[in-house]
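> Could you look at this predicted model? Sequence included:
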Amino acid sequence: MSFLAELKRRNVHKVGAAYLVAAWLLIQVAATMAPQLQLPEWAPRLITLILLIGFPIALILAWFLERTPEGLKAEPAAQGNKRVVGAAIVLAALAVGWYLRGQPVAEQGPSPGGDARWTVAGAGKAEMGPESISGSVTSTATGPSPPKIDSGPISAPRRSVAVLPFVNMSGDAEQEYFADGLSEEILNSLTRIDGMQVAGRTSSFQFKGKNEDLRSIGQKLGVASVLEGSVRRGKGAMRITAQLIRVSDGIHVWSQTYDRAPDDTLAVQLDIAEHVASALDVVLDDVQRERMRASGVQNVEAFIAFQKGQRLFRDAHDPERSSNLIATLRLANVEFARATSLERDFAAAYYMGTDLYSHIVLTTETSAAERSAALDAARRDLVLAARYAHDAPTRALIEVDRQLISDDWRGLAVRLKAATITQECRQASWLLIGNAFGIAGERLVSMRKFMACDPLSGLAVQQAAAAANWAGQPDVALAVVALGEATMGGSDSTSMQKVRALVTLGRLDEARSELPSLSAGSAERVIGELVVAAKAGADIAGMSAGSRDARHLGWNPGYWEVADVLAESLLDNRAASNRRAAEIDAVPGGPLKLAVLLSLCQCGAPFDLDAAPNFKARLAESGLPWPPVDLIAGLRKKETGAP
């Protein structure tokens with residue numbers, strides 16, 4: 001009798017078919033019910049593995065056992081058939097091996113800086129990681145080809161999530177601010193949970209109003225799960241739906257609908273955050289729950305006002321949306337002030353409002369009275385922001401700003417480095433000055449972490465590239481810019497850093513070809529042109545003077561002063577630089593402005609310390625080194641007269 005006929009006689013094929021149907025149904029039920037029952041993520045996989053192992057066992061039993069009126073009995077013809085038994089064992093082993101082949105290795109925790117890799121290829125291959133970065137300047141080998149990103153697949157940590165902006169279903173455009181505020185509050189609650197990796201707001205909100213595939217979103221943000229939802233809010237009722245989706249297979253891990261009173265927002269956001277944590281196997285204790293509750297905004301109208309202020313704040317910093325930075329920031333501060341009037345301990349609103357005052361201090365056209373008033377307002381709001389900050393690292397960032405606008409810089413070097421190391425995903429105003437004073441290496445590591453948690457933040461890309469240039473790693477700066485261009489396109493600020501890196505590497509033709517990508521008439525374009533011209537031995541003084549006719553086109557007029565300082569430094573015009581430094585040093589907030597100019601100029605010490613006595617006194621008590629690292633050494637030429 002043939003083997004196939006024997007299988008048919010013993011009903012092995014019927015048992016196998018029935019088993020596969022039943023197993024398939026069980027696997028589908030397990031995948032559907034596990035999230036609802038809040039079972040661990042491995043539970044459906046374990047059930048699948050057991051059923052796969054059971055399949056060859058069922059076939060073996062069907063071969064050896066015969067169903068009779070008296071029950072199951074051993075099949076006489078099967079006794080002694082060792083080859084069949086051996087084949088069944090091999091079949092079981094193959095089934096288990098086939099299943100395990102497709103399973104990932106045991107989960108690895110995220111690296112200290114996240115999972116993003118910045119790998120460049122040129123004269124060699126170097127991967128940027130914390131162990132390869134130092135604050136000192138080192139020589140860098142040049143290569144014939146531009147750096148390229150090693151964009152191999154990166155697996156997202158299982159306990160990582162992005163909160164997408166909830167969709168406004170209210171039919172009232174004003175309620176969109178409420179929907180955005182709810183989304184941000186949920187995100188903030190999740191960031192307070194130990195063991196959670198949460199994509200930053202800037203990156204998550206890039207997908208607002210877009211119907212993009214969740215797998216693509218998860219890959220771009222480096223997360224394993226996405227939380228999305230909708231809001232319908234009226235005068236007497238509010239309905240919020242939320243669902244947590246695993247991006248790898250689109251399975252809804254958790255979902256819930258809330259019908260609540262319009263002002264019951266804090267309870268809903270906390271409940272959503274707790275369910276998300278539970279679905280991702282994160283155990284919350286009372287300390288973390290209290291931390292989440294303390295960080296939440298109690299007053300609904302306050303976080304609506306804050307959302308309006310944030311939108312104006314972002315518009316102010318976008319040259320395509322605002323032609324006057326300071327005027328738009330004033331409008332934003334009206335909303336921030338409303339938010340703090342409704343909720344006195346709204347730390348983020350106080351802190352974001354100080355950006356206006358910083359720009360007033362840094363702008364050349366403002367009077368001494370305006371600067372003094374801006375400094376007073378900034379000091380007032382920074383005290384409140386620090387008092388109500390919800391965690392120590394955020395408070396440390398605020399304290400750096402407080403000290404920089406004060407007349408006492410004692411201990412600033414230590415405070416600046418400590419805040420830089422703990423910054424991670426937190427926005428900061430003036431940590432960038434650390435680049436000029438020996439903290440570029442630490443800042444580059446910090447920006448690496450920032451980009452890992454907020455990968456679509458243009459600010460993070462620009463500041464990471466600047467820190468890399470300061471740290472003497474122009475190849476890394478090029479890799480950072482390339483990564484930013486690949487994920488969100490280019491910008492004037494990042495292209496300018498690219499030009500600087502190419503000039504440092506001696507790749508002048510590539511630097512020159514990059515200049516047209518910068519906006520015509522922008523300060524960034526002129527800064528890039530000056531550096532290229534200096535390397536090529538062109539007329540720096542004439543170029544600087546000729547650019548003045550276009551300066552009214554600039555979105556942020558104060559940034560032109562950086563171009564002037566750079567031109568003076570390239571011309572080695574010490575007299576002009578000293579005059580400028582003396583004028584800045586004499587006005588309120590002068591030491592801060594000089595520190596910022598040095599960081600943005602990346603031109604070492606263009607003036608003598610004795611020309612700026614106030615800055616000299618602050619620097620002496622701060623512990624910061626002098627002179628700063630000179631990134632344009634070798635490009636200067638001797639000239640007389642101001643550019």
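Looks like it arrived, so ask away.

> Give me the below-cutoff pLDDT ranges for this structure.
Scanning the chain for pLDDT under 70 picks out the ranges 1-4, 6-7, 9-10, 30-44, 63-155, 548-558, 637-643.

> ok, the residue nearest the centre of it to residue 491 distance?
With distances taken as Cα atoms, centre = their mean, the chain has residue 454 as the residue nearest its mean C-alpha position (1.3 Å). The spacing between residue 454 and residue 491, counted by Cβ to Cβ, to the nearest Å, is 16 Å. For glycine as for every other residue, the C-beta is placed from the backbone atoms N, C-alpha and C.

> can you check residue 412 too?
Taking Cβ to Cβ, one finds residue 412 at 30 Å from residue 491.

> more crowded one of those two?
Remark: of residue 412 and residue 491, residue 412 carries more neighbours, 24 against 21, as counted by other Cβ atoms under 10 Å.

> my guess is the more buried one contacts residue 405, does it?
No - counting by Cβ atoms under 8 Å, residue 412 stays clear of residue 405, with 11.6 Å between them.

> shared neighbours, the two?
Taking Cβ atoms under 8 Å, 6 or more residues apart in numbering as the criterion, residue 412 and residue 405 do not both touch any residue.

> burial count for residue 232?
Count around residue 232 with other Cβ under 10 Å applied: 18.

> Check which helix or strand it maps to.
Assigned by DSSP states H and E, residue 232 belongs to strand 225-233.

> list the contacts for the nearest residue to residue 522 once chain neighbours are set aside?
Spatial nearest neighbour of residue 522, chain neighbours left out: residue 492 (5.4 Å); criterion: Cβ to Cβ, 6 or more residues apart in numbering. Counting by Cβ under 8 Å, 6+ apart, residue 492 touches 518, 519, 522, 524, 525.

> Just name the closest of these to residue 292, please.
Distance to residue 292 across these (Cβ to Cβ) is lowest for residue 524, with 40.9 Å.

> Just send the contacts of residue 492 back as TSV, with distance to residue 497, neighbour count and secondary structure too.
Below are the contacts of residue 492 laid out as TSV (distance: Cβ to Cβ, whole Å; neighbours: other Cβ atoms under 10 Å; DSSP: H, G, I helix; E, B strand; the rest coil):
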residue	distance to residue 497	neighbour count	secondary structure
518	11	24	coil
519	15	17	coil
522	14	24	coil
524	9	21	helix
525	13	23	helix
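
> residue ranges for the strands of the chain, please.
With DSSP state E as the criterion, the chain has strands at 65-68, 71-74, 118-121, 125-128, 160-163, 167-168, 197-198, 225-233, 238-246, 252-260.

> Tell me which other helices or strands the fifth one touches.
In terms of contact count using 3 or more Cβ pairs under 8 Å, 6 or more residues apart in numbering; DSSP states H and E, strand 160-163 is assigned the packing partners helix 175-191, strand 197-198, helix 201-204, helix 214-221, strand 225-233.

> If you count neighbours, what's buried in that strand?
For strand 160-163, burial by neighbour count (16 or more other Cβ atoms under 10 Å) applies to 160, 161, 162, 163.

> Kindly reformat the residues you listed as TSV containing distance to residue 463.
Formatted as TSV, the buried residues of strand 160-163 follow (distance: Cβ to Cβ, whole Å):
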residue	distance to residue 463
160	23
161	25
162	22
163	24
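
> For residue 14, the count of nearby residues, please.
Neighbour number of residue 14 under other Cβ under 10 Å is 12.

> likewise residue 229?
With other Cβ under 10 Å as criterion, residue 229 counts 24.

> One more: residue 249?
Residue 249 has 8 neighbouring residues, counting by other Cβ under 10 Å.

> Residue 541 now?
With other Cβ under 10 Å as criterion, residue 541 counts 18.

> picking up where we left off before, just the C-alphas of the strand holding residue 232, formatted as CSV.
Presented in CSV, the C-alpha positions along strand 225-233 are these (Å, rounded to 0.1, in the frame of the first residue of the first chain):
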residue,chain,number,x,y,z
SER,A,225,2.9,52.4,18.4
VAL,A,226,0.8,55.4,17.4
LEU,A,227,-2.0,57.0,19.5
GLU,A,228,-4.6,58.7,17.4
GLY,A,229,-8.2,59.9,18.1
SER,A,230,-10.9,62.4,17.5
VAL,A,231,-12.7,65.1,19.5
ARG,A,232,-16.3,66.4,19.3
ARG,A,233,-16.9,69.2,21.8
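
> Which secondary structure elements does it sit against?
Under the contact criterion of 3+ Cβ pairs under 8 Å, 6+ apart, strand 225-233 touches strand 160-163, strand 167-168, helix 175-191, helix 214-221, strand 238-246, helix 265-279.
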